[in-house]
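[1] test case, fold it:
(chains A and B)
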Amino acid sequence: MSDFRRSQNEAHPNKTNTLMLAIIMLLILFVGIQIWFLFGALNNALQDNIYFALTTFIGSFLLALASFWLLRYLPDPLKKSRGKRK
Amino acid sequence: MAKKESHDRSEIPAWKSDFPISEEQATHVNRREFAKFLGLLSGALALGNGVIVIRALAFPSKPLEGEHFVCNADEVAVGEMFQFEIRGNEIIPYILIHLEEGEWRAFEQKCTHLTCAVRYREDLGKIECPCHHGFFSADTGEVLQGPPPRSLPRLEVVIKEGKVYVREEKQDKTV
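    Numbering: from 1, shown residues only, chains lettered A, B, ... in the order given. All right, here's what the predicted structure looks like:
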């Protein structure tokens, strides 16, 4: 029996691909910003600039939370969805 | 025959076979795994940033206490450089520079780029890091050229009865 999800998937066969690409791109962006923060914090901590380290830590922590939250929207593995169809 | 062989192989339980994991299974990284790895990396970077904060709060850098004798003033001629170390929790190398008559400077010898040993170039009147050609001002320790991100940490030089001492410099911490 056809349901909403199945008809959606059939109408937009590239959706999983697009979603996956978007999630990975966002994750790479977040990780890139975090690397930038970490580099800045390392350099500034050596100059006893604790506030910069603290600010970058808060930013980095929020980005990590956002990354974990994004993982919720990862599409299901294909094998699993095939199994469901059966 | 070939069919029979493959049939036999499939009957062997995974734990008994020599290579229970197929090569494709071991080497293939799908996009879900890659995305999860990026999530993990993101967490690790946040943790790393947290460690910097904890380290800075728990172990603040201690200023140099008291005055330290370096050498006699007549041992270092004008334009010369003298290397010395100060032993505390860790051994930190410094350089003493006799710029002009009565003008002394002391800087940490570790380049702020990748901690190479810096040296005073009298012909240029600058402090040079030979590793990546970074140049610092011999007067203030500021970066003049090259990759170093920060100026050299500086000590105050005091001359007492022909002897050279160094102590922590009182400086404004500007961001």
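[2] does any bit of stretch B:28-39 sit next to chain A?
    Yes. With C-beta under 8 Å from any C-beta of the partner chain as the measure, stretch B:28-39 is seen reaching chain A through B:30, B:31, B:32, B:34, B:35, B:36, B:38, B:39. Heads up, the C-betas are built off the backbone N, CA and C, glycines and all.
[3] I figured residue B:71 hits residue B:80, correct?
    No. Between residue B:71 and residue B:80 there is no contact under C-beta atoms under 8 Å: 10.8 Å.
[4] just the helices in chain B please.
    Along chain B, counting by DSSP state H, helices occupy B:2-11, B:23-27, B:31-58.
[5] wait, I meant chain A
    With DSSP H, the ranges of helices along chain A come out as A:4-11, A:15-45, A:50-71, A:78-85.
[6] now render those as CSV, adding distance to chain B.
    Output for those, formatted as CSV (distance: least, C-beta to the nearest C-beta, whole Å):
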stretch, distance to chain B
helix A:4-11, 17
helix A:15-45, 4
helix A:50-71, 4
helix A:78-85, 9
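[7] hey, which of these is tucked in deepest?
    Mean neighbours per residue, mean count of other C-beta atoms under 10 Å in any protein chain shown, is largest over the helices of chain A for helix A:50-71, with a mean of 18.
[8] now it against helix B:31-58, angle please.
    Here helix A:50-71 points in a direction 160 degrees away from that of helix B:31-58 (axes from the mean of the first three to the mean of the last three C-alpha atoms, to 10 degrees).
[9] before we move on, back to that, I'd like the helices of chain A as CSV, with mean pLDDT appended.
    Putting these into CSV (pLDDT from 0 to 100) gives the following:
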stretch, mean pLDDT
helix A:4-11, 80
helix A:15-45, 91
helix A:50-71, 94
helix A:78-85, 49
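[10] what does chain B have sitting close to chain A?
    Selection of chain B residues close to chain A by C-beta under 8 Å from any C-beta yields B:30-32, B:34-36, B:38-39, B:41-43, B:45-46, B:48-50, B:52-53, B:55-57, B:60-61, B:112, B:149-150, B:173, B:175.
[11] try it again with 10 Å
    Contact residues, chain B versus chain A (C-beta under 10 Å from any C-beta of the partner chain): B:30-32, B:34-57, B:60-61, B:112, B:149-151, B:153, B:173-175.
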